[in-house]
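> What follows is a predicted structure for the sequence shown.
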Amino acid sequence: MKQASYFISMKNNAVKCKLCPHECEIMENQSGICGVRINMDGVLYTKTYNQISSIAIDPIEKKPIRRYKPNTKILSVGTFGCNFKCGFCQNYHISQLTPELEEMSSNELLDISDRQKESIGIAFTYNEPTIWYEYIEETARKNKKDTILVTNGFINKEPLLNLLPYINAMNIDLKSINPHFYERVCKGKLEPVMETIKTAHEQTHVELTFLSIPDLNDSMEEMKELSEWIASVDKNIPLHIIPFRPMYKMNDTPYQTHEKIDKLKSIAFKYLSFVY
C-alpha cells in the first residue's frame with residue numbers, strides 16, 4: 001500500500017478523502033465508497049497501488065476512442081474498485097469485487113509498454129481508473145508514449161487538473177443527463193461529471209460514451225437533451241452510443257435493440273458532428 005493523495009485529517013483519527021466528490025469521511029480501519037482507499041492510524045492509504053487485475057493489447061477503437069490516432073493499438077490496464085455502484089456494470093467482477101491481482105510497479109508496466117512496438121501507449125481502463133490515482137500519476141509522468149483514461153469522470157477538480165497535463169486522451173462515460181439517474185442507479189452525481197467533461201475538453205482530447213439502457217435512460221427526449229448539452233460544450237466531441245446487455249444486478253433487463261440505437265443516433269446527429 002501507498003499513502004494516498006488528497007485527504008485531510010479529522011478528529012478521532014478519521015480522515016476525509018478529497019479525491020472524488022463523495023468526499024468520504026472514513027473512520028480508522030475503514031474504506032471509502034470506492035473500497036480501495038483505507039484509513040490506517042489516521043492516514044489514508046491506497047490498496048490498489050502496484051496492483052494489476054487486467055492487462056491486454058486492444059484496438060484504440062475498443063476504448064472507445066475513434067478520433068485520436070485511429071487504427072492503432074494500446075496496452076490496456078486495470079486494477080479493482082469503483083466510486084460508483086452501477087447495477088448494470090459490464091466489468092463488475094473487478095469494479096465491485098476483488099479479483100486475482102498481480103503486483104507490478106510503474107517501471108515494470110512501462111517496460112512492458114515499451115516492448116509493445118505496435119502499441120501507442122497505456123490506457124487505464126476496465127475498472128474506474130481515477131481511484132487508482134497515485135499509480136496512474138506516477139506512471140503517466142514517466143510515460144514517453146501516450147496515456148489514456150477511460151473513466152466515469154467522477155473526480156474533484158484539483159486532482160483532475162494536476163493529472164491532465166500527462167493525459168493525451170480520455171473517454172468519459174456520460175451515463176445520463178438526468179441527475180436522478182446518477183443518484184438512484186449509480187449512487188453518484190451528474191454535475192461533477194459534467195464539470196470533468198468541460199475541464200478535460202479544455203486540455204486534452206475527449207470522447208464520450210453513453211450506455212443506452214431500455215426504459216431507464218433511452219428516451220428520445222433524454223437523448224435530445226444530452227446531445228444539446230454536449231453541443232453546448234463543443235459539437236465536435238465524439239459520442240459513442242453503446243447498447244445495453246444484461247449484466248450484474250440487471251440480468252432481467254432486456255438487451256437494447258439496434259433499432260433503438262439507430263433512433264438515438266439520428267437524434268444525436270442533429271446536434272453533434274461525430275456519433276458512433
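Yep, that arrived.
> With just CA atoms, put the longest helix along the chain into CSV.
In terms of residue count, the longest helix belonging to the chain (DSSP state H) is helix 220-234. Extracted in CSV, the C-alpha atoms of helix 220-234 (Å, rounded to 0.1, in the frame of the first residue of the first chain):
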residue,chain,number,x,y,z
MET,A,220,-35.8,10.4,-27.3
GLU,A,221,-36.3,13.4,-25.1
GLU,A,222,-33.3,12.5,-23.0
MET,A,223,-31.0,11.9,-26.0
LYS,A,224,-32.1,15.3,-27.3
GLU,A,225,-31.2,17.0,-24.0
LEU,A,226,-27.9,15.1,-23.7
SER,A,227,-26.9,15.9,-27.2
GLU,A,228,-27.8,19.6,-26.8
TRP,A,229,-25.7,19.8,-23.7
ILE,A,230,-22.6,18.2,-25.3
ALA,A,231,-23.0,20.6,-28.3
SER,A,232,-23.1,23.5,-25.8
VAL,A,233,-19.5,22.4,-24.8
ASP,A,234,-18.4,21.5,-28.3
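> All the strands of the stretch 151-276 of the chain, residue numbers only.
169-173, 205-212, 239-243 (DSSP state E, counting those that start in this stretch).
> Would you tell me which one of the ones you listed is buried the most?
The highest average neighbour count among those, using mean count of other CB atoms under 10 Å, belongs to strand 169-173 at a mean of 24. Backbone N, C-alpha and C define where each C-beta goes, glycine included.
> Quick test: name the residue nearest the centre of the protein.
Nearest to the geometric centre of the chain sits residue 151, at 1.3 Å (CA atoms, centre = their mean).
> can I get the strands of the stretch 151-276 of the chain in a markdown table with mean pLDDT and distance to residue 15?
Formatted as a markdown table, the strands of the stretch 151-276 of the chain follow (pLDDT from 0 to 100; distance: least, CB to CB, whole Å):
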| stretch | mean pLDDT | distance to residue 15 |
| --- | --- | --- |
| strand 169-173 | 98 | 28 |
| strand 205-212 | 98 | 32 |
| strand 239-243 | 98 | 36 |
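> can you redo these as a markdown table with distance to residue 95?
Formatted as a markdown table, the strands of the stretch 151-276 of the chain follow (distance: least, CB to CB, whole Å):
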| stretch | distance to residue 95 |
| --- | --- |
| strand 169-173 | 12 |
| strand 205-212 | 14 |
| strand 239-243 | 16 |
